[in-house]
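A.B. asks: quick one, structure for this:
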Amino acid sequence: MERRGSGFKTILDVYEAQERYKEELKPVFYTDGYNFFLTLWNLNYEYNKAQNKAQNKAQNKAQNNQITNREHILLLLKENPSLTQVEISEMMNKSRRAIQMWMKELIAEGVIERIGSKKMGSWIVK
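C.D. replies: Numbers count the residues shown, from 1 in each chain. Below is the predicted model:
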């Protein structure tokens with residue numbers, strides 16, 4: 001061991017650099033004299049909750065109204081604009097290729113638009 005505690009700064013820096021980091025989710029360090037505890041809060045908790053809400057809402061509408069796959073995609077994107085095609089395909093139980101084709105049509109028609117990068121961007125439903 002080169003220096004005692006040298007990894008704590010690295011842990012804090014990496015954790016704070018995450019996209020969903022908030023000050024109230026700052027890691028908590030605690031020691032009782034014999035043991036050392038580090039609490040890292042789940043930064044994806046609210047994100048996963050929002051994603052599940054969007055999925056449930058869209059699925060209920062799909063079951064009740066028999067909406068088209070394109071409309072289902074639009075409902076999901078309205079609820080959570082940061083969804084990826086892989087996530088949408090998992091939510092709809094469709095292949096990623098099918099989702100790509102429908103989204104390509106929606107983009108060509110000007111119904112949706114991608115803002116930002118592939119990794120960190122989001123969708124705008126017009």
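A.B. asks: wasn't Phe37 part of a strand?
C.D. replies: Yes. Counting by DSSP: H, G, I helix; E, B strand; the rest coil, Phe37 is part of a strand.
A.B. asks: give the contact list for it.
C.D. replies: Listed by C-beta atoms under 8 Å, 6 or more residues apart in numbering, the contact set of Phe37 reads Val28, Phe29, Tyr30, Thr31. The way it works is simple: take the backbone N, C-alpha and C, and place the C-beta from them, glycine included.
A.B. asks: what bridges to it?
C.D. replies: Beta bridges link Phe37 to Tyr30 when assigned by DSSP bridges.
A.B. asks: one step back: which entries within the contacts of Phe37 meet the buried criterion?
C.D. replies: By neighbour count, with 16 or more other C-beta atoms under 10 Å, the contacts of Phe37 hold no buried member.
A.B. asks: just these now: which is nearest Ile99?
C.D. replies: Distance to Ile99 across the contacts of Phe37 (C-beta to C-beta) is lowest for Val28, with 39.8 Å.
A.B. asks: relative to Asp13, how far out is the closest one?
C.D. replies: Applying C-beta to C-beta, to the nearest Å, the value for Val28 to Asp13 is 16 Å.
A.B. asks: coming back round to it: now, which of the contacts of Phe37 sits nearest Val86?
C.D. replies: Val28 (33.1 Å).
A.B. asks: and that closest one, what is it in contact with?
C.D. replies: By C-beta under 8 Å, 6+ apart, the contact set of Val28 is Phe37, Leu38, Thr39.
A.B. asks: 7 Å instead, please
C.D. replies: Thr39 (C-beta atoms under 7 Å, 6 or more residues apart in numbering).
A.B. asks: and the next element down the chain from the helix or strand bottoming out on mean pLDDT in the chain?
C.D. replies: Ranked by mean pLDDT, DSSP states H and E, the weakest helix or strand in the chain is helix 45-65, scoring a mean of 63. Using DSSP states H and E, the helix or strand that follows helix 45-65 towards the C-terminus is helix 69-79.
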